[in-house]
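>>> Here's my sequence, what's the structure:
(chains A, B, C and D)
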Protein chains: 2
Amino acid sequence: MQSPTIYDVARSAGVATSTVSRSFSNPKRVSAVTREHVLRVARELGYEPNPHARALTSRRTQTLAMVVSDITNPHFFEIIRGAELRAKSSAYTLVLVNAEESPRIEEEQISRLMRSVDGFLLAASRLPDESLSQLAASHSLVLLNRQATGIPSVVLDQREGCRQLVAHLASLGHSKLVCLSGPRNSWTSANRWAAIRDAAEELGLTVTRMGPYTPTVSHGGAAADAALTTGATAFIAHNDLLAIGVLRRLAARGVQVPGDVSVSGFDDIFAADLCTPSLTTLGGVHADLGRAAVELLLEAASSPNRTGTAPQQLVLPSRLVLRNSTGTAAG
Amino acid sequence: MQSPTIYDVARSAGVATSTVSRSFSNPKRVSAVTREHVLRVARELGYEPNPHARALTSRRTQTLAMVVSDITNPHFFEIIRGAELRAKSSAYTLVLVNAEESPRIEEEQISRLMRSVDGFLLAASRLPDESLSQLAASHSLVLLNRQATGIPSVVLDQREGCRQLVAHLASLGHSKLVCLSGPRNSWTSANRWAAIRDAAEELGLTVTRMGPYTPTVSHGGAAADAALTTGATAFIAHNDLLAIGVLRRLAARGVQVPGDVSVSGFDDIFAADLCTPSLTTLGGVHADLGRAAVELLLEAASSPNRTGTAPQQLVLPSRLVLRNSTGTAAG
DNA sequence: ACAGCGCTGGCAAGCAGTTGCCATGGGTTG
DNA sequence: CAACCCATGGCAACTGCTTGCCAGCGCTGT
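Okay, here's the model as predicted:
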């Protein structure tokens, strides 16, 4: 019942264990004919390398950890899917960790996994920059939707996307905007605000920032109420979930969207197209984000050329999706 | 830079490595005072057990694999979340695998992970019963939303839920139903059909089955068109995604919902409440499914009392959520 | 003809723990 | 006081694979 080991294969094939080992993990170190022979015998015996034994000496685990700040947010699904797909295609295993929006849990889980994975994918990490740098010093890591100097990352463009969004609102006649921000330690949130503020300034609009708000549907109510007090005619919510919550609250209060106010979100989650009114949002191809991040990580993990080349900071294009929640500003 | 090993700890603490090892993995085998001492020294040194070395001899990996038939389906999100949470709380790591609706990929991934995990969670597995039994013979495994004799499983109740759904439609005056089925090798789909058919018979309604349909929004169009040809006044779609696709197609064809026909789905995904009209659906607490499955798996993995007690087959309650896509039958 | 060289394959020492078995020693029992 | 027991710690073999180093071998260049 015990599964066969390289010893069994070596004995059957009449070679040393080192030859078997190399046939699998370092093919060019063995002559083609020997390797073929070994592999055939291995197949006949139903041999499968033991990943733990392998990891023990080689320190390579063929495993990646993906840490997500909040698995509840549907926007991560696509990212996870892209990452899983890419990892699988390179025979890597993906470990999924939910940080539940808590830096403590995030840190805890990371340190628990340090020994067992080849690298980390941190999606929307809530950790401070210094923690990230520290981690980056000892482990391969790639940031998703977050940037930090010296660490490779993949983000969706915010700058140009936000400019387009603000321009869209401006063209509809809105001159007073309000930005309903996300969590305090969210890089994305800070970044979006900066981009929106700059765009507004450039286009001569005023914009105020409110928040932070927990970006869930249920917290949209408070955000909507607060936004209404500002007299702004366009609300830019931190993400689609929050925006949907805002829409609900506005509907409940009898405020017309987009008749009285316009609302937009971020991420273009599946539900954005289904809610009423459907939601104008700044999205992107999230699966590509996950895919690209894994690619960067595999690259980083394979060549520990720490010094030299600067880490890649990929910026993928975002795209503004216009739907029915934005319209001309009320008189 | 090398992280400390039990040897370092043993030397520092003045004990044998076995004592250090046992202090961590078999506490009661060491006197309290020795253990305290060892643990303190270990902490000072920053020692962390190496999971691979541990797995090598003990054959316990503290890792669970969750194989999902289609990660794209939002309904799995909640299940994954529940499972991740429960696994984490027992210091288990969750590996996520997407089978992409392909039995081949599913099998491939499972065999790749056999050596590296303590057990499998198969969500809506598309594998034939015999493959499952075979796997169950050598590994701990728990089925989610699927049952097979001799294998522990957790499912959402279909029988009673479907009865309620059919009764709901009957009470609205519908007498001719159509069931738009899911994938051919989906246990859930077969099971739902059986429950619906029995309920319909019991209540004196006629129901026809169509399909299989790939349960995505984009395949809802064809399903809607096919359903319309039957003359049925109520469409029961395999899941919410398909139902949403059906709603879209009906809207495009000018068919009123629920004026002309009623539509219902399954799963109660987040978007079900947001689409127009909002969707009547048979859902349940999916996070509980994931949680319960992990619990069963941990139990099974810890006590390999293969013989004796029959495997647990948990059935969690489903709940019928009435929304605006179902209404009184036309004419 | 001989030194030098690049391929290959084997040897054996790790990697970092776990665990069966034995030795010790203080406490208990007859 | 001898016999026995159990709790505790140590020894060392073992897990399955990787890899640095060495040796044999057939070639090439001089």
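
>>> What is the subsequent helix or strand relative to the host helix or strand of residue A:208?
Taking DSSP states H and E as the criterion, residue A:208 maps to strand A:206-210. The first helix or strand that comes after strand A:206-210 along the chain, using DSSP H and E, is helix A:220-229.

>>> What are the contacting residues of that next one?
Outside helix A:220-229, the residues within contact range by CB atoms under 8 Å, 6 or more residues apart in numbering or on different chains are A:178, A:180, A:210-211, A:213, A:235, A:237, A:241-250, A:253, A:255, A:261. Just so you know, the C-beta spots here come from the backbone N, C-alpha and C atoms, and that holds for glycine as well.

>>> near chain B, which residues of the stretch 201-331 of chain A?
A:244, A:270-271, A:274-276 (CB under 8 Å from any CB of the partner chain).

>>> Pick out the most distant pair among the residues you listed.
Every pair in these was compared (CB to CB); the two farthest apart turn out to be A:270 and A:276, at 14.8 Å.

>>> Just want to know which of these two has more residues nearby.
Legend: neighbour count by other CB atoms under 10 Å in any protein chain shown for residue A:270 and residue A:276, higher for residue A:270 (21 against 17).

>>> Okay, that one and DNA strand D: tell me how far apart.
Separation of residue A:270 from DNA strand D (CB to the nearest atom of the strand, to the nearest Å): 42 Å.

>>> State the three-state secondary structure for the residue of the stretch 151-300 of chain A found nearest DNA strand D.
DNA strand D sits closest to residue A:298 of the stretch 151-300 of chain A, with a gap of 17.3 Å, by CB to the nearest atom of the strand. At residue A:298 the chain is in helix, as set by DSSP: H, G, I helix; E, B strand; the rest coil.

>>> Grab the CA positions of stretch A:316-325 and hand them over as CSV.
Presented in CSV, the C-alpha positions along stretch A:316-325 are these (Å, rounded to 0.1, in the frame of the first residue of the first chain):
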residue,chain,number,x,y,z
LEU,A,316,-2.7,47.2,-16.3
PRO,A,317,-5.3,49.3,-18.1
SER,A,318,-8.5,50.0,-16.3
ARG,A,319,-11.7,50.7,-18.3
LEU,A,320,-14.6,52.9,-17.6
VAL,A,321,-17.9,51.2,-18.0
LEU,A,322,-20.8,53.6,-18.5
ARG,A,323,-24.1,52.4,-17.3
ASN,A,324,-27.3,54.0,-16.0
SER,A,325,-26.3,55.3,-12.6
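
>>> Can you mark which positions in that stretch are buried?
A:316, A:318, A:320-321, A:323, A:325 (16 or more other CB atoms under 10 Å in any protein chain shown).

>>> next one: stretch A:126-137
Neighbour-count burial for stretch A:126-137 [16+ other CB under 10 Å]: A:126-127, A:131-132, A:135-136.

>>> Tell me which residue of the stretch 101-250 of chain A lies closest to DNA strand D.
Taking CB to the nearest atom of the strand, the stretch 101-250 of chain A has residue A:118 as its residue nearest DNA strand D, at 12.9 Å.

>>> Could you tell me which residues make contact with that residue?
By CB under 8 Å, 6+ apart, residue A:118 lies in contact with A:60-64, A:92, A:140, A:301.

>>> Can you pick out the most distant pair from those?
Across the contacts of residue A:118, no pair lies farther apart than A:62 and A:140, at 13.1 Å, counting by CB to CB.

>>> between the two, which one's more packed in?
Counted by other CB under 10 Å, residue A:62 and residue A:140 do not tie: residue A:140 has more neighbours, with 22 against 18.

>>> I'd assumed residue A:117 was in contact with the more buried one.
No. Counting by CB atoms under 8 Å, residue A:117 is not a contact partner of residue A:140; they are 9.2 Å apart.

>>> Now do the helices in the stretch 51-200 of chain A.
A:51-58, A:75-89, A:103-113, A:129-138, A:159-171, A:187-203 (DSSP state H, counting those that start in this stretch).
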